[in-house]
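Asker: Here is my input, please return the structure:
(one chain, ligands or ions: 2)
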Amino acid sequence: MSDIRICEGQLNAAGMRFTLVAARFNGFIVDALQQGAIDALLRHGADPGDIRVVKVPGAFEMPLAIKAVAEKGDSDAVIALGAVIRGATPHFDYVAGECVKGMAQTMMQRGIPVAFGVLTCDTIEQAIERAGTKAGNKGAEAAVTAIEMVDLLRRLKAS
Ligand SMILES: Nc1c(NC[C@H](O)[C@H](O)[C@H](O)CO)[nH]c(=O)[nH]c1=O
Ligand SMILES: CC(=O)[C@@H](O)COP(=O)(O)O
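Answerer: Ligands and ions are numbered 1, 2, ... in the order given. So this is what the prediction gives:
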């Protein structure tokens with residue numbers, strides 16, 4: 001047992017640079033996710049000067065902005081914040097599908113952690129529950145994930 005080495009990320013965000021890419025669509029939900037994410041980063045030791053917020057129109061536009069941030073190379077992680085809420089047509093599937101596909105591609109191609117704080121809900125009530133009420137705040141969860149992944153990648157690189 002003592003030979004087993006465990007490598008896992010710690011949750012100290014000091015010295016890490018973050019970009020939040022946040023959608024304006026369903027802004028009343030996304031603003032709450034953004035507040036949760038920033039609060040989590042600060043409470044884990046991030047410097048406010050190391051946090052940037054990039055606003056985009058909707059979830060469909062997030063992958064392009066995230067790719068641009070990754071290419072710029074001045075962030076250790078991206079935290080994607082949005083809310084896609086199902087309507088009456090298949091539109092939801094196209095917007096949510098392209099959103100997650102695009103950001104996953106950038107994460108894998110550029111090797112930068114992209115935390116998925118994008119709600120994909122059937123109803124507005126489900127979104128409210130996940131934006132700082134009874135089901136927590138998915139923006140805060142995404143921020144903590146980003147911290148852990150930045151630290152993990154650093155440790156893997158150093159090992
Ligand atoms: N319906 C939702 C959208 N739709 C807008 C698209 O994301 C996009 O901005 C538009 O089609 C122009 O290209 N966006 C969300 O973030 N959430 C939705 O529920
Ligand atoms: C997720 C969406 O794009 C949604 O707002 C679209 O609603 P609808 O399908 O009623 O046009």
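
Asker: now the one residue in the chain that gets nearest to ligand 1, nearest residue through space, not along the chain?
Answerer: Proximity of the chain to ligand 1 (C-beta to the nearest ligand atom) peaks at residue 58, 2.3 Å away. In short, each C-beta sits where N, CA and C put it, glycine included. Using C-beta to C-beta, 6 or more residues apart in numbering and skipping residues adjacent in sequence, the residue nearest residue 58 is residue 25, 3.9 Å away.

Asker: Could you do residue 142 as well?
Answerer: With sequence-adjacent residues excluded and distances taken as C-beta to C-beta, 6+ apart, residue 142 is closest to residue 117, at 3.1 Å.

Asker: Next: residue 78.
Answerer: Leaving out its chain neighbours, residue 78 is closest to residue 114 (C-beta to C-beta, 6+ apart), at 4.7 Å.

Asker: ok, residue 155 - how many residues close by?
Answerer: By the criterion of other C-beta atoms under 10 Å, residue 155 has 13 neighbours.

Asker: same for whichever strand or helix holds it, what does it pack against?
Answerer: Secondary structure from DSSP states H and E places residue 155 in helix 138-158. Here helix 138-158 touches helix 27-43, strand 77-85, strand 114-121, going by 3 or more C-beta pairs under 8 Å, 6 or more residues apart in numbering; DSSP states H and E.

Asker: Next one: the most centrally placed residue in the chain from residue 43, what distance?
Answerer: For the chain, residue 79 is the residue whose C-alpha lies nearest the centre (C-alpha atoms, centre = their mean; 2.5 Å). Look at residue 79 and residue 43: by C-beta to C-beta, to the nearest Å, they are 14 Å apart.

Asker: tell me the SS of the residue in the chain that ligand 2 sits nearest to?
Answerer: Nearest residue of the chain to ligand 2: residue 87, at 2.0 Å (C-beta to the nearest ligand atom). Secondary structure, DSSP: H, G, I helix; E, B strand; the rest coil: residue 87 is coil.
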